[in-house]
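> from the sequence below, what's the structure:
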Amino acid sequence: MSRSAPASGLAQGWCALSALHGRIETHIERALQAGHDLSVREFSVLMMTLSEQHDGPGGHLQMHQVADSVVLSQSATTRLVTRLEERGLLARYLCPDDRRGIYANVTPDGLALLAQARPTHDSALREALQNAAKIAELAPLVTAVETLVLSA
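So this is what the prediction gives:
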C-alpha cells in the first residue's frame, strides 16, 4: 500500500465532515432567516454570549472570546456584534477593571429573540441530521454527532 492511501482516506473523511457541516449550516440558516431574520452566526454569537453571561467574576464574554467561539476574525466579529447591537440584541461595554477590555451581553430583546428562535434552530438541526443520515458517506458522522450528544 502506498503512503498516499491514508492521506486520501483522511481527505475523504474531511470532505465528508465538511459536507455535513455545510448541509446542516445551510438548512439552519434558511430556517432562522425565514422565521426570525437571524443568521446562524448571529444565533451562535447570541447563544455563546448568553451561555457565559452571569453576575460575578468572569461572567461576560470579551470580544476576542466571542470571535474564538464563532471562528471569525476580530474584524468580522466586530462587524457582526455591531449589527446585533444596532438591532438591540447585544450590548457592549468597557470592562470596569481593564479599560482595554470590551465585553458583550445579550439584551432583553436578544433573550426574547433567542427564546423564539431556539425551537426553530433545534428543529432545523434535527431535520438536517435526519436528511444527512440517509446519505451513506455522511451517516457515520451523523451517528458520531448523536453519540456525542448522548454522552454529554
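> isn't there a strand covering residue 96?
No. With DSSP: H, G, I helix; E, B strand; the rest coil as the criterion, residue 96 is coil rather than part of a strand.
> how many other residues sit next to it?
Here the count is done by other C-beta atoms under 10 Å, and residue 96 has 8 residues near it. Placement of C-beta: from N, CA and C, glycine included.
> cool, and residue 33?
Around residue 33 there are 13 other residues, counting by other C-beta under 10 Å.
> would you mind measuring from the residue nearest to it when sequence neighbours are not counted to residue 15?
Among residues not flanking residue 33 along the chain, residue 39 sits closest, at 6.6 Å (C-beta to C-beta, 6 or more residues apart in numbering). Distance from residue 39 to residue 15, counting by C-beta to C-beta, to the nearest Å: 25 Å.
> chain center to the one helix or strand residue 65 maps to, what's the gap?
Assignment of secondary structure by DSSP states H and E places residue 65 within helix 63-70. The offset between the C-alpha centroid of helix 63-70 and the centroid of the whole chain comes to 11 Å, using C-alpha atoms, centre = their mean, to the nearest Å.
> now the element after that helix, going C-ward?
helix 74-86.
> now that next one: average pLDDT?
Confidence for helix 74-86, expressed as mean pLDDT, is 91.
> please give me every residue in contact with residue 40.
Contact analysis of residue 40 by C-beta atoms under 8 Å, 6 or more residues apart in numbering lists 25, 28, 29, 32.
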